[in-house]
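[1] Pasting a predicted model and its sequence here:
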Protein chains: 4
Amino acid sequence: MSNWPDLAGRIEGDTHVLPVRVYFEDTDFSGRVYHARYLQFMERGRSDYLRLLGIHHRELAAEGRAFAVRHMAIDFLRPASIDDVVVVRTVTVGIQGARIVLRQEVSRGGEPLVAATVTVALVGPSGRPERLPPAIRAAFKTGD
Amino acid sequence: MSNWPDLAGRIEGDTHVLPVRVYFEDTDFSGRVYHARYLQFMERGRSDYLRLLGIHHRELAAEGRAFAVRHMAIDFLRPASIDDVVVVRTVTVGIQGARIVLRQEVSRGGEPLVAATVTVALVGPSGRPERLPPAIRAAFKTGD
Amino acid sequence: MSNWPDLAGRIEGDTHVLPVRVYFEDTDFSGRVYHARYLQFMERGRSDYLRLLGIHHRELAAEGRAFAVRHMAIDFLRPASIDDVVVVRTVTVGIQGARIVLRQEVSRGGEPLVAATVTVALVGPSGRPERLPPAIRAAFKTGD
Amino acid sequence: MSNWPDLAGRIEGDTHVLPVRVYFEDTDFSGRVYHARYLQFMERGRSDYLRLLGIHHRELAAEGRAFAVRHMAIDFLRPASIDDVVVVRTVTVGIQGARIVLRQEVSRGGEPLVAATVTVALVGPSGRPERLPPAIRAAFKTGD
């Protein structure tokens, strides 16, 4: 959408950067952001990173394909609160076969809040992982 | 699942009754249940009501059909809090063409918290509403 | 955040306008946006509208106050899908005592998807509605 | 609630067991359960496990305390789908200082879907971790 620049964040060097506002829906009664919400923030980061690389969920879905998360290791370091703007940073650390390993960080004012290593796989119509097609591999190389 | 009776609630007279526990995920930083969460509680009630009437989302989906919410009028009367057990009551108030009108209430200890009138429609593969098939109409009659 | 302009949308005339991306988390197995998600999109619109008027949830919370939704009437007209950018428009239609009545619309490419009338109230430390303080009333007038 | 037995699951030996129904809200457009949802299922398991041990979020909150997740390592092995009943199993593997380490598994019909190691800490009014009070330590011993 031309009149909302940066809605999908930006790629700065080899890192995708996406700002995310904390709304009511993201918090819980402890007054902080609910832990599982950071996974949604990170998924938004991954989706917009793919989008800027030219890879769209809808096109993948038309072929019966989707990216699925296979493994996450997550450190919850500091909490975010209502009205905060946090930044999700995503960088590819490896591609092998059907799998992409990403490093993601959620921070606020440069202070890390959540850090994660995420392994995603491309899953085909059979429900089984599929070797990443050349176009997707090439897109990630362009992102390098 | 035979060893977890009542997991889908019960039909008592013409009313489906489902208990719902309030967890962290349902609350927001105000300390109360986030308003949109009650819609999820009510959707669980509708799904389990249909389930007990013998109508399953997965079977509908296999035919390219799904129930979609068309209209809701909702009064948020009193808040629920963490650890509460609330009860969702669902009753059919009318069936016409593609539409079912339901009355739903979320209460705690007999005290109403949220009251809603919900219109759902059966949507077919074309994305357009479809007249309810006789089996579904009959299921609702059995529920009377 | 100075380098992410428009993160809280814009006020155009008397209407607050906020673009919202549809992510995985917003969809359900029907392939469309889950109905209760539109309420979250609309809550983001209301929060950012208040933000641009100078009213912040965190400051209200420090005084034991929060806005709570009292009534919603919602028409779900057309579905949104993954990767869509929808726009949430919010306009105040009335202020009386503790209550603000807003009209909200979610649209895509100018086509309305969801239309709602929403009544919110300012709730004080006692849990009871409080007459809107002059500063908040004045902020809404500025928005006129 | 006396007339809804097992709403908080059961402790069988040293393992807490909670059945969870998959609803519309839990799925995404891929047709499967959205990955972050399993964290909510696991949090429900932990909350009900604590509940059956006699530890209540609301009482902790009255003292300015809350359990917070510090680390998770999660394997997403197989997907769940709409209408499924999955079972969340939770077992304590260690308690040290402010921290409890739990092993959690989400399965369907005995087949593991998601397996996680979760470290939670008790956080006090200052926002810093607090050594677990004797009553909480004792409750976990009872659970042994």
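    Arrived safely. All values reported here derive from a predicted model rather than from experimental measurement.
[2] Name the residues of chain A found near chain B, please.
    Within chain A, the positions adjacent to chain B are A:Phe24, A:Glu25, A:Thr27, A:Asp28, A:Phe29, A:Ser30, A:Gly31, A:Arg32, A:Tyr34, A:Ala36, A:Ser81, A:Ile82 by CB under 8 Å from any CB of the partner chain. Glycine gets a C-beta too; all of them are placed from N, C-alpha and C.
[3] By neighbour count, which of the residues you listed wins?
    A:Tyr34 (27 neighbours; other CB atoms under 10 Å in any protein chain shown).
[4] list the contacts for the nearest residue to that residue once chain neighbours are set aside?
    Closest residue to A:Tyr34 apart from its sequence neighbours, by CB to CB, 6 or more residues apart in numbering or on different chains: A:Asp28 at 4.2 Å. Applying CB atoms under 8 Å, 6 or more residues apart in numbering or on different chains to A:Asp28 gives the contacts A:Tyr34, B:Phe24, B:Glu25, B:Thr27, B:Asp28, B:Phe29.
[5] same thing but 10 Å
    By CB atoms under 10 Å, 6 or more residues apart in numbering or on different chains, the residues touching A:Asp28 are A:34-37, B:23-29, B:31, B:34, B:82, D:43, D:57, D:66.
[6] And A:Asp26, by the same measure?
    Contacts of A:Asp26 by CB under 10 Å, 6+ apart are A:20, A:32-34, A:36-38, A:40-41, A:80-82, A:84, A:86, B:28-29, B:34, C:40, C:44.
[7] For it, report the pLDDT, please.
    Looking at A:Asp26, its pLDDT stands at 98.
[8] again, but for the one 5 residues further on
    A:Gly31 carries a pLDDT score of 88 in this model.
[9] from memory it sits against B:Phe29, does it?
    Yes. Between A:Gly31 and B:Phe29 there is a contact under CB atoms under 10 Å: 4.8 Å.
[10] excluding its backbone neighbours, what's nearest A:Asp6?
    In space, A:Asp6 is closest to C:Trp4, 6.4 Å off (CB to CB, 6+ apart).
[11] wait, I meant A:Leu60
    A:Ala66 (5.9 Å).
[12] Also A:Thr27?
    Going by CB to CB, 6+ apart, A:Thr27 has B:Phe29 as its nearest residue, at 3.8 Å.
[13] do the same with A:His16
    A:Tyr49 (3.6 Å).
[14] From chain D, how far off is A:Arg51?
    15 Å (CB to the nearest CB, to the nearest Å).
[15] ok, now which ones touch that residue?
    A:Leu7, A:Ala8, A:Gly9, A:His16, A:His57, C:Arg21, C:Asp83.
[16] Mind doing that once more with 7 Å?
    A:Ala8 (CB atoms under 7 Å, 6 or more residues apart in numbering or on different chains).
[17] Near chain C, which residues of chain A? Just list them.
    A:1, A:4, A:6-7, A:19, A:21, A:23-25, A:40, A:43-44, A:47, A:56-58, A:82-83, A:85 (CB under 7 Å from any CB of the partner chain).
[18] Point out where chain A drops to low pLDDT.
    When residues are selected by pLDDT under 70, those of chain A lie in A:1-2, A:142-144.
[19] Now for the most centrally placed residue in it: which residues touch it?
    Against the mean C-alpha coordinate of chain A, by CA atoms, centre = their mean, the closest residue is A:Arg46 at 2.2 Å. In this structure, A:Arg46 makes contact with A:Thr90, A:Leu102, judged by CB under 7 Å, 6+ apart.
[20] wait, isn't A:Val106 in contact with A:Leu39?
    No. In this structure A:Val106 lies outside contact range of A:Leu39 using CB atoms under 7 Å: 10.0 Å.
[21] what angle do the longest helix along chain A and helix D:37-52 make?
    When chain A is parsed with DSSP state H, its longest helix is helix A:37-52. Orientation of helix A:37-52 against helix D:37-52 (axes from the mean of the first three to the mean of the last three CA atoms, to 10 degrees) gives an angle of 180 degrees.
[22] Right, I'll call it a day here.
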